[in-house]
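Asks: Mind folding the following:
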Amino acid sequence: AAISYGKAVGESARVKQPELKLLLAIEKAEVAKKPVVDVGALLPAKTVMDKATAVTDDSVEQIKQQLQSWSRAWSVSDIDQYFAAYSKQFKPEAQGKDYTQWRNSRRVRLQKATDTRVALEKTAIYLDGSKLRAVVEFVQDYRSNTYHDRVLKQLLMAREGNSWLILSERVIQQLNGL
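Replies: Numbers count the residues shown, from 1 in each chain. Okay, here's the model as predicted:
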């Protein structure tokens with residue numbers, strides 16, 4: 001995500017090209033309804049899902065609604081609503097940044113981008129046994145006046161009160177040109 005955001009505001013970064021074996025794993029995982037990557041990489045050890053499975057219940061619908069609200073807020077540059085989707089415990093992908101630093105840099109990037117559209121496709125949601133945490137995978141199509149990309153993205157979300165909030169996010173793979 002950081003690479004995409006940087007490109008959208010004119011920063012350059014080198015992007016690793018997709019690997020065929022990962023794309024095949026994505027297809028197999030979609031059929032098997034298992035997360036593409038080891039959820040242990042995102043979840044604290046005590047909450048790793050032994051048998052992660054995609055499920056359908058009220059939590060899943062709430063997560064889907066939260067994701068749509070988040071992508072809509074991003075698309076219309078509603079910065080307050082965009083940040084409302086993130087937990088105060090959010091851990092930025094970029095090493096060395098805390099929540100406040102990440103939020104300040106995101107605010108600048110969000111204000112610079114125009115004609116933004118963020119669409120989510122092929123969403124899969126995996127709840128842990130407590131139904132208090134979820135790993136969410138989807139294809140994200142980002143477009144602005146200066147940049148376009150398609151990525152496979154993974155979020156770790158947690159139930160906080162009556163809301164599902166983002167604890168961490170990462171791009172699993174660039175999908176441009178595929």
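Asks: Output stretch 89-96 as CSV, nothing but the C-alphas.
Replies: What follows is stretch 89-96 as a C-alpha-only set of coordinates in CSV (Å, rounded to 0.1, in the frame of the first residue of the first chain):
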residue,chain,number,x,y,z
GLN,A,89,-3.6,0.2,17.9
PHE,A,90,-3.0,0.1,14.2
LYS,A,91,0.5,-1.0,13.3
PRO,A,92,1.8,0.6,10.0
GLU,A,93,3.5,-1.7,7.5
ALA,A,94,6.4,0.8,7.3
GLN,A,95,8.9,0.0,10.1
GLY,A,96,9.8,2.8,12.4
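Asks: mind listing what's buried in that stretch?
Replies: 90-92 (16 or more other C-beta atoms under 10 Å). In short, each C-beta sits where N, CA and C put it, glycine included.
Asks: Looking at the residues you listed, which are in helices?
Replies: Among the buried residues of stretch 89-96, no member is found in helices (DSSP state H).
Asks: I'd like the residues you listed written out as JSON lines, with distance to Leu152 added.
Replies: Shown next, in JSON lines, are those (distance: C-beta to C-beta, whole Å):
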{"residue": "Phe90", "distance to Leu152": "20"}
{"residue": "Lys91", "distance to Leu152": "20"}
{"residue": "Pro92", "distance to Leu152": "19"}
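Asks: Many thanks, have a good one.
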